[in-house]
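J.: mind folding the following:
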Amino acid sequence: MADEAHGPTGAAVPPRRPGLLVTRPAPADEELSAWARAAGFVPIPAPVMRLEPLPAAPPIEAAWDGRPDAVVLTSANAARCAPEAPELRAAPCWCVGEATAAAARAAGFADIRAGEGDAAALARRIAAGAPAGARLLHLRGRQGTADLAGALAAAGFAFTQSVVYEMRLETALPEAAIRALNAGEVTVVPAFSPRAARQLARLLDDRFDLRAVAAVAISAAAAAPLRAMGFAALRVAVAPAGPAMREAIRAAARDVSGR
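T.: Okay, the predicted model is just below:
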């Protein structure tokens, strides 16, 4: 992403690899870091939130004795934090996208139907494919914003929700991330949700010179808190999904490297 330089002996010096702040919480940070290394970035851990599993509230037993006709998942974390109940694992599992479907498979769900990556498309898919009047249990996070209840109730489904996790905000960046920012070693800063973007803006505040750094947002809503931060460039992914974010990260690195 940068032209080769030459050292004092005239030998070519490999270009410095761009630094990527890995703002995702564990365990999603591992996948992003692995991709970053393979794509030529230096991953720099900088989670802005952390995952905290919660006892299901209300308990899943409150939803038709814990025997829903289908489970709905709008995040991979909901799959990871789903209660260990054989009745849930055996039920059809409607997932918002491929990343959530992969987490559901890893969590032991057997009958998985993956959507196209957003809640509205998932609601349409369920309305077209689930049995009429099916009893749906949505496992979600405390701060989740996916509004499925109205659309699915209007389509004739019995719908209830249970909170199984919370994303807690981190109150500071790791020291390694602070050092990298101060040293000019960060090239791209991604935000994977509006809430993450707001917290990222708080943690960065006006402490760092971001004039050579690009930001990448998963949506226009996630881009909004970053617009006044002084980034050299701000890109919005063409779709709210992992592949689009990865492509936007590559493009953002080119934006600030001049190539």
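
J.: got the contact list for the strand ranked longest in the chain?
T.: As assigned by DSSP state E, the longest strand anywhere in the chain is strand 158-169. Contacts to strand 158-169, defined as Cβ atoms under 8 Å, 6 or more residues apart in numbering, come from residues 25, 48-54, 56-60, 62-64, 68, 77-78, 80-83, 133-143, 148-149, 152-153, 195, 199. Using the backbone N, CA and C atoms, a C-beta is placed for each residue, glycine as well.

J.: next one: stretch 51-70
T.: By Cβ under 8 Å, 6+ apart, stretch 51-70 touches 25-27, 77, 80-81, 83, 85, 87-88, 91-94, 126, 130-131, 134-137, 139, 142, 158, 160, 162-168.

J.: out of the residues you listed, which are inside helices?
T.: N77, R80, E87, L88, I126 (DSSP state H).

J.: compare these and tell me which is most surrounded.
T.: Among the ones in helices among the contacts of stretch 51-70, the one with the most neighbours (other Cβ atoms under 10 Å) is N77, at 25 neighbours.

J.: got the residue ranges for the helices in the stretch 151-259 of the chain?
T.: Here the stretch 151-259 of the chain has its helices, by DSSP state H, counting those that start in this stretch, at 175-182, 194-204, 220-223, 242-257.

J.: excluding its backbone neighbours, what's nearest G141?
T.: Nearest non-adjacent residue to G141, counting by Cβ to Cβ, 6 or more residues apart in numbering: Y165, 5.0 Å away.

J.: pLDDT weak spots in the protein?
T.: The chain contains residues with pLDDT under 70 at 1-15, 145-146, 259.

J.: for the most centrally placed residue in it, give its distance to A215.
T.: Centrality entry for the chain: nearest residue to the mean C-alpha point is F192, 4.7 Å, by Cα atoms, centre = their mean. According to Cβ to Cβ, to the nearest Å, F192 stands 12 Å off from A215.

J.: ok, A103 next?
T.: Taking Cβ to Cβ, one finds A103 at 26 Å from A215.

J.: check P243 too.
T.: Distance of P243 to A215, computed by Cβ to Cβ: 19 Å.

J.: neighbour count winner among those two?
T.: A215 (29 against 13).

J.: that one reaches T187, doesn't it?
T.: No. The criterion here is Cβ atoms under 8 Å, and A215 misses it with T187 at 10.7 Å.

J.: next, count neighbours for P92.
T.: P92: 20 surrounding residues under other Cβ under 10 Å.

J.: contacts only, for it.
T.: Contacts of P92 by Cβ under 8 Å, 6+ apart are D69, A70, V71, D111, R113, A130.

J.: can you tell me the element the fifth one falls in?
T.: To tie it back to what came earlier, the one meant is R113. When elements are assigned from DSSP states H and E, R113 belongs to strand 111-114.

J.: dump that strand to CSV, keeping only the CA atoms.
T.: The C-alpha trace of strand 111-114 is given here as CSV (Å, rounded to 0.1, in the frame of the first residue of the first chain):
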residue,chain,number,x,y,z
ASP,A,111,-31.7,-26.5,11.4
ILE,A,112,-30.4,-23.1,10.3
ARG,A,113,-31.9,-20.6,7.8
ALA,A,114,-29.6,-17.6,7.0
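
J.: which residues are contacting it?
T.: 90-95, 97-98, 100-101, 104-105, 125, 129.

J.: what do you get if the cut-off is 7 Å, keeping everything else the same?
T.: Applying Cβ atoms under 7 Å, 6 or more residues apart in numbering, the contact partners of strand 111-114 are P92, C93, W94, C95, G97, E98, A101, A104, R105, G129.

J.: so what sits opposite the first one in the bridge?
T.: According to DSSP bridges, D111 are recorded as the beta-bridge partners of P92.

J.: cool, P43 as well?
T.: L20.

J.: okay, it and T187: tell me how far apart.
T.: In this view, P43 and T187 are 11 Å apart by Cβ to Cβ.

J.: tell me which of those two has more neighbours.
T.: T187 (28 against 18).
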